[in-house]
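Enquirer: take this sequence and fold it.
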Amino acid sequence: MPDLLAHALLAYTIATLASWRYEWISRPYVTVVMAGAFIPDMTKIMLLIPSAQVEQLLGTPFDWTGLHTAGAALCSVLIGVLLVSESERLRVFTLLSVGAASHLIADAFLLKPTGLSYPLLWPLTRIHPPTPGLYLSTDFEPALILGMVALIAYSVTRFKTDQGRS
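Expert: Have a look, this model is predicted:
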């Protein structure tokens, strides 16, 4: 999947569909879900600062890939929750978690040479679940499909709001 675009489109679609059921999920909250979908990709910081460099600086074993797990995503979501007012925390926690979970689950379907995914539920377990291998992270087709689905969700939402006004 072309990483960020596909994850953003998936999160947008999930949040938009949820907004049909839960009226309180407005446009700003849809954006919160999309922001949550970016959380696991904080591991991409390794492209700028390699793990070995941090390890050498700290003098202890270090690896950025731990940020791409459920445990690290939960910690990041909790930090994000602290940045909003107390009255919004439960909603923001829920929506950031949905976004991060959608990212982690979508990445669990990536094609891996070993046939195993990453330790999705770390630190609860180090088990690498099997992956169905539906796509590569470089494939453009998932982003294209998710783009069309997101466009449909947007169009239906727009149609519903226009009908509600008249």
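
Enquirer: from here on, contacts and neighbour counts on C-alpha atoms
Expert: Will do.

Enquirer: helices of the protein, start to end?
Expert: Counting by DSSP state H, the segments of the chain that form helices are 3-21, 27-38, 51-58, 70-82, 89-108, 141-165.

Enquirer: quick check: angle from the fourth one to helix 89-108?
Expert: Angle, helix 70-82 to helix 89-108, by axes from the mean of the first three to the mean of the last three CA atoms, to 10 degrees: 150 degrees.

Enquirer: circling back to that earlier point, export the helices of the chain to a markdown table and tack on mean neighbour count?
Expert: Shown next, in a markdown table, are the helices of the chain (neighbours: other CA atoms under 10 Å):
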| stretch | mean neighbour count |
| --- | --- |
| helix 3-21 | 21 |
| helix 27-38 | 22 |
| helix 51-58 | 13 |
| helix 70-82 | 18 |
| helix 89-108 | 21 |
| helix 141-165 | 14 |
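
Enquirer: skip the chain neighbours and tell me the closest residue to residue 66.
Expert: Closest residue to residue 66 apart from its sequence neighbours, by CA to CA, 6 or more residues apart in numbering: residue 72 at 6.8 Å.

Enquirer: what's the pLDDT at the one you found?
Expert: The score at residue 72 is 95. That number is its pLDDT.

Enquirer: could you pull up phi and psi at the nearest residue to residue 18 once chain neighbours are set aside?
Expert: The spatial neighbour of residue 18 that comes closest, neighbours along the chain excluded (CA to CA, 6+ apart), is residue 25 at 7.3 Å. The phi/psi pair for residue 25 (degrees, to the nearest 10) reads phi -80, psi 90.

Enquirer: got a list of what residue 25 touches?
Expert: 15, 18, 19 (CA atoms under 8 Å, 6 or more residues apart in numbering).

Enquirer: per-residue confidence, the closest residue to residue 65 other than its chain neighbours, what does it come out as?
Expert: Of all residues not flanking residue 65 in the chain, residue 43 sits nearest, at 5.6 Å (CA to CA, 6+ apart). Note on residue 43: pLDDT of 92.

Enquirer: equivalent analysis for residue 1, please.
Expert: 49.

Enquirer: what residues are bridge-paired with residue 135?
Expert: Judged by DSSP bridges, the bridge partners of residue 135 are residue 110.

Enquirer: ok, it - contacts?
Expert: 1, 109, 110, 111, 142.
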